[in-house]
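Peer 1: Any chance you can model this:
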Amino acid sequence: MSHSSKLVILDRDGVINRDSDAYVKSLDEWVPYPTAIEAIARLSRAGWTVAVATNQSGIARGYYSKSVLESMHQRLRELVRQAGGEIAHIAYCPHGPDDGCDCRKPLPGLLEEIRQALGLETLADSWMVGDSLRDLQAGEPMGCRPVLVRTGKGRRTEAKGEGLSQAMIFDDLAAYVDWLLATEADSAD
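Peer 2: Just a heads-up that it's a prediction; the model follows:
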């Protein structure tokens with residue numbers, strides 16, 4: 001079994017923290033789901049590598065700066081560390097939808113960045129967890145297994161029903177992690 005299959009890649013807004021249709025523009029507006037922080041730590045403690053791939057077009061739109069975004073990610077790393085876990089890499093796309101970049105999900109550029117940063121040959125059999133279809137689509141060409149969570153935009157995405165035939169669906173990140181760790185324990189028996 002290759003090392004790469006012990007990787008979980010998470011979208012940020014709507015998966016780790018509350019999403020906002022008006023963008024999460026400041027550290028005060030960055031409100032994590034406590035169960036998500038704990039879930040990331042549980043993954044870490046169980047030997048999984050956790051990375052984050054997040055579109056942050058609010059930077060291109062001028063709503064907040066890269067340094068504000070870094071402060072959110074610093075807080076995220078601290079909270080996860082306090083809970084006994086670690087985030088291996090955070091990849092973000094600062095571009096707008098018309099910038100022609102190759103990193104904005106549903107394109108797989110952020111996942112390629114994560115693959116390189118972690119020194120992995122492949123992301124095949126890794127997990128891609130998101131609340132929107134484009135999160136799952138970004139994982140597709142990389143061979144990631146798709147998971148939709150119902151937090152954030154997840155319920156809306158589920159209701160549309162498009163492109164979800166391969167996806168597993170969970171109420172939130174904690175429920176997915178419960179399932180993943182239980183499944184892993186079963187297969188180890």
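Peer 1: where's Gln116 relative to His89, distance?
Peer 2: Going from Gln116 to His89 by CB to CB, to the nearest Å gives 9 Å. The way it works is simple: take the backbone N, C-alpha and C, and place the C-beta from them, glycine included.
Peer 1: And the two? Which one has more around it.
Peer 2: Between Gln116 and His89, His89 has the larger neighbour count (other CB atoms under 10 Å), namely 18 against 11.
Peer 1: The more buried one and Ala117 touch, don't they?
Peer 2: Yes - with contacts counted by CB atoms under 8 Å, His89 reaches Ala117, the gap being 4.5 Å.
Peer 1: what sits in contact with each of these two?
Peer 2: Common neighbours of His89 and Ala117, using CB atoms under 8 Å, 6 or more residues apart in numbering, are Ala51.
Peer 1: Shouldn't Val8 be within a strand?
Peer 2: Yes - assessed with DSSP: H, G, I helix; E, B strand; the rest coil, Val8 lies in a strand.
Peer 1: Phi and psi next, for the residue nearest to it when sequence neighbours are not counted.
Peer 2: Nearest non-adjacent residue to Val8, counting by CB to CB, 6 or more residues apart in numbering: Trp127, 4.6 Å away. In this entry, Trp127 is assigned phi and psi values of phi -110, psi 140 (degrees, to the nearest 10).
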